[in-house]
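J.: Task: produce atomic coordinates for the following.
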Amino acid sequence: MSSAPAVRSSVRIAQFLLLLSVACAVSPLLAKKKEPATSGLNDQKRAAHALNRLTFGPRPGDVQHVLALGVDQWIDQQLHPEKISDSALEPHLASFRTLKMSSHEMVEEFPDGPLIRQVADGKRSMPSDPAKRAVYQVQVARLEEKAEKKERKQELARASAATQATTATSSETMGENAPAMGPSTSAQPADNSAMSPDSAMAMSPSNATSDKNEKSKEEAPAIVADNLMSAPGAKNTHAIDDAGAKRREERLFADLKVQQLIDLPPDQRYKKVLAMSPDEQLAFADVLRGGKGQDFLAGLDARQKEVLLAMNNPQGVISDELVQAKLLRAIYSERQLEEVMTDFWFNHFNVFINKGDDHVMTTSYERDVIRPHALGKFEDLLLATAKSPAMLYYLDNWLSVGPESMQALGIPAHPPRGNPYRYRPPRPAKANRKKSGLNENYGRELLELHTLSVNGGYSQQDVIEAAKIFTGWTIDKPNEGGGFKFDPRMHEPGPKFVLGHRFKPKGEDEGRELLHFLAINPKTANFICTKLAQRFVSDDPPQPLVDRMAKTYLKKKGDIREVLSTLFHSPEFWSDETYRAKVKTPLEFVASAVRATDADVEDALPLTRQLNNMGMPLYGAQPPTGYSMKADAWVSSSALLNRMNFALALTTGKVKGVKVDATQLAGNAPPADVTLALTNMESTLLAGQVSKQTHDSIADQIAQADKKNAPVNSGEDQKSVQAKKPGKPPAAPKPPDISTMAGLLLGSPEFQRR
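T.: Model prediction:
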């Protein structure tokens with residue numbers, strides 16, 4: 001519906017559903033806690049429930065597939081992702097080369113600021129590979145441009161100060177030599193009234209000052225320029241001015257060059273860019289930031305696109321590919337439970353991608369640390385995260401130095417006899433000691449967020465002792481994408497005591513022993529199982545379920561797959577109270593909307609920007625707590641309005657790079673049959689599980705909008721219409737706007753919950 005009444009009708013529906021969404025989303029928070037009941041879900045609901053909890057949402061036909069296979073057998077398949085082919089996902093990720101790169105390779109191909117400065121200062125050679133060289137050249141040119149602007153600003157500031165000093169000196173000199181102009185001065189007429197107005201104005205002090213100021217303003221640029229050229233120590237700025245003028249000229253013609261090159265075949269287009277001078281490439285890269293960038297990149301292969309994008313922002317290529325891949329995996333992967341658990345554990349062991357070099361480290365963190373252990377043993381996952389450069393960097397443990405370590409005491413390295421961790425070197429005088437660099441961040445988060453929980457019964461002294469145990473756990477060549485390294489010179493010697501347990505001095509093995517001690521702790525079992533139950537069951541999961549899961553955890557030595565199996569076969573998981581009791585996070589909502597509509601995603605970046613708008617940028621949780629899984633963090637009128645706007649934009653084709661066939665969602669219903677189209681969409685998008693209130697409100701409002709836009713059919717009224725508009729045939733009935741209808745269903749309270 002494109003008419004004004006139809007638009008107003010859509011707005012009314014959206015407002016109604018928004019209020020309904022808020023009420024339905026908040027109600028679980030206000031409802032009294034109920035005891036879990038035996039599952040009353042029929043087979044259809046069981047299949048839909050399993051898909052909503054173990055995946056990022058069902059696609060058209062998924063419910064039927066699960067029913068045909070059997071819900072229990074399908075769950076067992078998802079618990080063993082290695083047995084599921086994921087070949088359908090591979091084409092969607094094929095163009096993201098950084099997903100398979102090591103951190104060192106990413107640093108080399110997508111340099112950060114410090115590396116570029118090394119090249120600019122001649123401390124590191126420029127790459128010989130033409131593609132890499134182009135990326136480095138542009139960054140060096142941009143760095144030089146910034147330096148030139150800064151230098152120019154400083155020179156002008158010095159010249160301005162010199163000018164002000166000269167002016168002040170001249171004023172003082174003039175003041176000393178000026179003739180007295182007192183009342184008795186004979187040069188001044190006794191009667192000013194006898195003077196002409198022009199003469200009086202010329203003689204007035206205020207006018208003389210005004211003329212002097214105006215003259216100073218006119219001469220200021222020349223004075224500044226003269227002082228800039230002649231001031232002691234000032235540099236000749238002709239070279240700076242020439243370079244700036246040249247770059248301005250390059251930018252002036254860069255837009256025209258882009259237009260000319262777009263018409264060339266992709267390979268020739270790419271070669272022309274590599275053959276440009278650094279200044280030309282810099283101007284060209286700036287032009288590609290605009291809307292013409294996508295047109296210019298069309299037809300290029302994966303590496304060629306990365307090179308041209310890296311000219312603008314090398315580190316941005318890494319993060320853009322990572323966030324797109326995460327969303328595409330959530331949408332297209334057949335190993336859905338593995339993706340859900342990868343997201344769960346990344347959030348549990350959160351790192352922040354925008355903290356310095358974590359741009360480079362986050363890809364490896366998710367690929368090599370989180371994903372391989374997502375359904376394995378918790379202790380293995382805990383150890384892998386502790387040794388990950390991303391975690392060491394994020395929580396600053398790589399800089400942590402024991403107060404009594406050899407490095408802190410300034411003692412040179414030498415191999416002592418016997419156990420080096422029992423070695424007590426002679427203590428130098430206080431003046432010769434280095435300041436202690438013990439960092440407690442990881443020790444605290446390990447106990448509070450990763451294992452025991454905030455109520456785990458530990459003290460501040462336990463945090464300090466844990467921090468001492470992990471001194472020396474650092475990164476080998478962090479600026480070059482290096483891996484884990486244990487440095488004994490940074491490690492605190494002597495025994496440590498955590499939760500009453502004595503850890504003998506064993507160097508790196510102390511950390512391994514503490515991680516094992518925490519992984520098998522009953523409080524860790526309870527905390528981890530509570531969080532898993534919150535993700536899969538409810539925000540306030542039943543304690544009997546958590547207890548049974550914790551029992552499995554301890555019995556199976558932290559086997560995550562076994563714990564989940566206990567959860568998925570529990571009566572609490574299948575109870576009526578659990579069905580659609582969880583509010584979706586923004587990631588779950590966006591991924592489920594794309595999956596439900598069977599959308600074709602050609603470019604996932606616009607979808608990731610939608611998540612930014614909803615307050616959940618991927619890998620963008622700054623605190624170590626990660627994102628909340630509970631409804632109260634995501635339920636508000638503004639948040640739900642953002643979701644409604646996204647849903648309508650998605651189904652009406654306003655999200656770039658994503659295509660939705662709304663006609664297919666409506667089951668190819670006859671254009672005029674609103675009821676059938678809506679019923680078909682409810683079955684496709686929500687497995688038919690829509691409340692009567694939601695169904696009736698959408699149907700009634702759309703029917704009213706169609707009635708307002710339909711031609712008048714009665715004979716008398718038709719004649720009246722024709723009399724007012726003679727010669728104009730009556731308008732044909734307009735079909736219902738099924739795209740808007742689909743968007744409103746995605747924004748409904750039922751779709752907001754899983």
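J.: Neighbours of L607, how many?
T.: By other CB atoms under 10 Å, 26 other residues sit near L607. For the C-beta atoms, the positions are set from N, CA and C on the backbone; glycine is no exception.
J.: In a strand, it, correct?
T.: No. The assignment for L607, made by DSSP: H, G, I helix; E, B strand; the rest coil, is helix rather than a strand.
J.: Report the separation between it and Q77.
T.: When distances are taken as CB to CB, to the nearest Å, L607 and Q77 turn out to be 27 Å apart.
J.: again with F284
T.: 50 Å.
J.: now swap in Y553 and tell me
T.: Here the distance between Y553 and Q77 works out to 23 Å (CB to CB).
J.: So for these two, which residue has more residues nearby?
T.: Set Y553 next to Q77 and count neighbours by other CB under 10 Å: Y553 wins out with 25 against 17.
J.: wait, what's in contact with that one?
T.: Applying CB atoms under 8 Å, 6 or more residues apart in numbering, one finds that Y553 lies in contact with 378, 525, 528-529, 559, 562-563.
J.: Just the element for it, please.
T.: Assigned by DSSP states H and E, Y553 belongs to helix 543-555.
J.: Only the buried residues of that helix, if you could.
T.: 545-546, 548-550, 552-554 (16 or more other CB atoms under 10 Å).
J.: related to what we said a few turns ago, now tabulate the contacts of Y553 in CSV and tack on secondary structure.
T.: Rendered in CSV, the data for the contacts of Y553 read as follows (three-state DSSP):
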residue, secondary structure
F378, helix
A525, helix
I528, helix
C529, helix
D559, strand
E562, helix
V563, helix
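J.: quick one: the strands in the stretch 351-500 of the chain?
T.: Under the criterion DSSP state E, counting those that start in this stretch, the stretch 351-500 of the chain carries strands at the ranges 473-475, 484-486, 496-498.
J.: Minimum distance to K123: which of the ones you listed has it?
T.: For the strands of the stretch 351-500 of the chain, the distance to K123 is smallest for strand 473-475, at 20.8 Å, taking CB to CB.
J.: State the number of residues packed around L438.
T.: The local packing of L438 (other CB under 10 Å) involves 18 other residues.
J.: How much space separates it from N397?
T.: For L438 relative to N397 (CB to CB), the value is 10 Å.
J.: Ok, G620 next?
T.: Distance of G620 to N397, given as CB to CB: 22 Å.
J.: between those two, which one's more packed in?
T.: Ranked by neighbour count (other CB under 10 Å), G620 and N397 place N397 first, with 25 against 16.
J.: Excluding covalently adjacent residues, which one is nearest to that one?
T.: Y442 (4.1 Å; CB to CB, 6 or more residues apart in numbering).
J.: pLDDT value on that neighbour, please?
T.: pLDDT, the model's per-residue confidence, is 98 for Y442.
J.: my guess is it contacts I469, does it?
T.: No. The pair Y442 and I469 does not pass the contact test of CB atoms under 8 Å, sitting 9.9 Å apart.
J.: which residues touch the residue nearest to F378 when sequence neighbours are not counted?
T.: Nearest in space to F378, with sequence neighbours left out and distances taken as CB to CB, 6+ apart, is G558 at 3.7 Å. G558 sits next to 377-379, 519-520, 525 when contact means CB under 8 Å, 6+ apart.
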